[in-house]
Every structure is written in C-alpha cells, then in structure tokens.
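Participant: what follows is a predicted structure for the sequence shown.
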Amino acid sequence: MSVETKEQATWVEDCLLREYTLQQILSQTPTGEVSLWQHNALKKKLILRRCLADQEVYQRMLGVIHPNLPQIYETFASDGKMLVLEEYIEGVLLSEKAAQLVGKKGLVRQIGLNLCDAVNCLHQRGIIHRDIKPENIILESSSNRLVLIDYTAARCKRLSDLGSPDTICLGTAPYAAPEQFGVTQTDERTDIYAIGILLNILMTGHHPSQIICRGGLGRIIRHCIRINTSERYPSVQQLKNALWNL
C-alpha cells in the first residue's frame with residue numbers, strides 16, 4: 001500500500017528510529033541516500049532509500065517477489081523525494097567480481113540469462129530500468145543468485161510518451177544507449193543495449209568500442225548494441241532465447 005502524506009512518511013521514519021538501528025550509510029549523493037537498518041529484536045535488515053525517482057515505478061513493484069529483483073516493502077513521497085523500504089541483499093557487487101569473469105563464457109552467459117529474467121519482470125510491468133551496470137547488480141553471498149537493484153533512473157512507459165524523447169538524460173554513460181541522450185524515447189530496447197555492453201565488458205574486460213567479443217556471444221552482443229533501436233532484439237525474452245541457444 002502506497003502512502004503519500006508527509007505525516008505518514010514521518011511516522012514511518014519515527015518507527016524506524018524506535019525499532020531499528022542504523023547500521024551503515026551505503027551511499028550518499030546530492031540527490032539521495034541509501035542506508036542499511038537492522039531490527040532491534042528480530043535482527044532482520046532492510047534498505048531505506050531516499051531518492052528522486054518516478055514514484056509509479058516503485059508502486060508497480062510493491063510486493064513483487066522475483067528471485068532476481070529486491071522486494072519493495074513500502075514506498076512514500078515526502079518533500080519531493082521518495083522514501084523506499086526494500087529487501088536487503090547480502091552479497092557483493094558484480095563490479096567487484098567482474099575481473100574474475102573475463103573469458104569465462106559459461107559464467108557470463110549465466111549472468112546474462114539471470115539478468116534477462118530480472119529485466120523481463122520489469123518490462124512486463126511497463127518499467128524501463130535505464131541504468132543496468134555492474135554496480136547495480138548484487139551476487140548474493142549465500143546462494144550466488146543475481147539481483148538487479150536500484151530503480152532511481154527507471155521510468156514507466158506511458159502512451160503519452162510515444163514519439164517524444166526523454167526529457168531527462170539518466171543512466172551511466174558507458175552503458176547508456178544513444179536514445180538516453182535525448183535523441184528518441186527510451187524503451188525496452190534501451191535495457192537490451194545496456195545488457196549487451198555489460199556482457200561484452202564481463203567477457204573481454206573492455207567496452208565494445210575498444211574490443212568486441214568474438215564468436216556466438218559476440219554476435220549476440222552486436223545485435224544488442226545496434227545504434228538503430230529497430231535493429232536490436234525487440235524483447236529481452238528474444239535476447240534470452242539467443243543466449244539459451246548459444
């Protein structure tokens with residue numbers, strides 16, 4: 001259930017302070033903060049995210065349970081910012097493991113398959129992630145499952161968006177598709193582009209502009225990162241099928 005009033009958001013923050021202990025500030029930027037909290041009695045941990053984001057993205061993900069996405073427990077709007085309570089995933093960022101994956105086609109392919117599952121869940125709900133990168137992917141310590149996090153750059157597709165470019169350039173430059181720089185409207189193929197860039201970096205250690213992966217995986221990557229969106233895979237499910245049949 002989404003709560004929109006400042007008073008209710010303040011009440012929830014007060015509950016956090018009473019029943020939880022702040023463990024760590026995980027990240028802090030001019031536009032937001034991510035912190036880790038632990039319940040005093042149950043010892044259960046959760047993430048509190050304060051950010052500028054599309055509230056509808058988090059509303060659409062409320063209560064969704066998927067092995068490759070964090071569960072969103074609650075979302076609030078307060079003073080122009082979002083307050084989000086979400087599942088804590090204990091593990092390491094993919095960026096910390098990337099160097100160990102170079103040349104390991106089987107592992108990189110499996111990451112691609114899991115990532116496709118995560119992104120497909122978002123796309124089925126009309127959400128474009130727009131910031132797929134190793135720093136937004138966690139490998140859980142206990143199971144090594146892949147979890148795609150951080151929807152702060154994500155947007156919901158709306159019929160009114162058709163034919164118009166995005167008004168704000170969001171995403172991380174090396175992984176961002178050309179349309180994210182205000183050329184055209186971002187859509188599902190924007191995330192497919194980022195997956196292609198990510199797979200190439202994991203496999204070769206380099207951006208495709210420097211070195212591009214060879215063989216069957218290289219062909220898949222080149223299909224993902226076409227400049228013209230119409231030449232990319234039309235859906236992440238088709239990308240997954242290509243990876244599965246590799």
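Facilitator: Now that the structure is in, tell me what you want to look at.
Participant: buried ones in the longest strand seen in the chain, by neighbour count?
Facilitator: Under DSSP state E, the strand in the chain containing the largest number of residues is strand 20-29. For strand 20-29, a neighbour-count test (16 or more other C-beta atoms under 10 Å) marks residue 20 as buried. No exception for glycine: its C-beta is placed from N, CA and C like everyone else's.
Participant: in the helix or strand following that strand, what's buried?
Facilitator: Next in sequence after strand 20-29, counting helices and strands by DSSP states H and E, comes strand 32-39. Going by neighbour count (16+ other C-beta under 10 Å), the buried part of strand 32-39 is 32, 34, 35, 36, 37, 38.
Participant: likewise for stretch 149-157?
Facilitator: Neighbour-count burial for stretch 149-157 [16+ other C-beta under 10 Å]: 149, 150, 151, 152, 153, 154, 155, 157.
Participant: just put the residues you listed in TSV and tack on pLDDT, secondary structure and distance to residue 219.
Facilitator: Shown next, in TSV, are the buried residues of stretch 149-157 (pLDDT from 0 to 100; DSSP: H, G, I helix; E, B strand; the rest coil; distance: C-beta to C-beta, whole Å):
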residue	pLDDT	secondary structure	distance to residue 219
149	97	coil	29
150	95	coil	30
151	95	coil	31
152	92	coil	33
153	92	coil	29
154	94	coil	29
155	92	strand	30
157	86	coil	29
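Participant: ok, so of these, who is nearest residue 96?
Facilitator: Closest approach to residue 96 among these (C-beta to C-beta): residue 149, at 14.1 Å.
Participant: just name the closest of the buried residues of stretch 149-157 to residue 112, please.
Facilitator: Closest to residue 112, out of all of the buried residues of stretch 149-157 and judged by C-beta to C-beta, is residue 149, at 17.3 Å.
Participant: returning to that earlier point: taking the buried residues of strand 32-39, tell me the two that lie furthest apart.
Facilitator: 32 and 38 (20.8 Å).
Participant: in stretch 224-237, which residues are buried?
Facilitator: So for stretch 224-237, counting by 16+ other C-beta under 10 Å, buried means 224, 225, 226, 229, 232, 233, 235, 236, 237.
Participant: endpoints of that stretch, how far apart?
Facilitator: 12 Å (C-alpha to C-alpha, to the nearest Å).
Participant: now it: how far from the chain's centre is it?
Facilitator: With C-alpha atoms, centre = their mean, to the nearest Å as the basis, stretch 224-237 stands 18 Å off its chain's centre.
Participant: same question for that stretch, mean pLDDT?
Facilitator: Stretch 224-237 carries an average pLDDT of 96.
Participant: thank you kindly, that will do.
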